[in-house]
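Trainee: Pasted the sequence and its predicted model underneath.
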Amino acid sequence: PPGKADKSYGIQVARLAGLPKNILDRAKEILSHLEMSSAKPTEEKENSPKAKKALPETNSPQMNLFD
């Protein structure tokens with residue numbers, strides 16, 4: 001089934017596409033830095049205000065599937 005991947009495969013795709021090794025090495029450095037700077041506990045991410053999306057209020061007689 002389709003779904004999100006647990007990591008990015010962009011660097012591997014770039015390697016398969018034939019990008020030079022020095023470009024791939026630099027991309028790996030940047031990715032490593034980004035992963036370390038954005039590493040936060042999963043619980044904190046799930047409970048953040050950004051993680052909770054407000055559903056628009058409607059006056060529709062249709063019931064909300066998630067209520």
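Mentor: Now that the structure is in, tell me what you want to look at. Numbers count the residues shown, from 1 in each chain.

Trainee: Distance-wise, check residue 4 relative to residue 61.
Mentor: Counting by Cβ to Cβ, to the nearest Å, the gap from residue 4 to residue 61 is 34 Å. For the C-beta atoms, the positions are set from N, CA and C on the backbone; glycine is no exception.

Trainee: ok, now residue 33?
Mentor: According to Cβ to Cβ, residue 33 and residue 61 sit 52 Å apart.

Trainee: neighbour count winner among those two?
Mentor: Remark: of residue 33 and residue 61, residue 33 carries more neighbours, 10 against 5, as counted by other Cβ atoms under 10 Å.

Trainee: pLDDT score for residue 54?
Mentor: pLDDT recorded at residue 54 is 63.

Trainee: Revised request: answer the last question for residue 24.
Mentor: 95.

Trainee: wait, it sits on residue 17?
Mentor: No - counting by Cβ atoms under 8 Å, residue 24 stays clear of residue 17, with 10.2 Å between them.

Trainee: more neighbours, those two?
Mentor: Neighbour count, other Cβ under 10 Å: between residue 24 and residue 17, residue 24 has more, with 14 against 7.

Trainee: contact partners of the helix or strand containing the more buried one?
Mentor: Assessed by DSSP states H and E, residue 24 sits inside helix 21-37. With contact meaning Cβ atoms under 8 Å, 6 or more residues apart in numbering, helix 21-37 is reached by 8, 10-11, 14-15.

Trainee: Out of those residues, which comes closest to residue 66?
Mentor: When the contacts of helix 21-37 are compared for distance to residue 66 (Cβ to Cβ), residue 8 wins out at 29.8 Å.

Trainee: And the spatially closest residue to that closest one that is not a sequence neighbour, how far from residue 16?
Mentor: Once flanking residues are discounted, residue 8 sits nearest to residue 31: 7.3 Å by Cβ to Cβ, 6 or more residues apart in numbering. According to Cβ to Cβ, residue 31 and residue 16 sit 16 Å apart.

Trainee: Mind checking which of these two has more residues around it?
Mentor: Higher neighbour count among residue 31 and residue 16: residue 31, with 14 against 9, using other Cβ under 10 Å.
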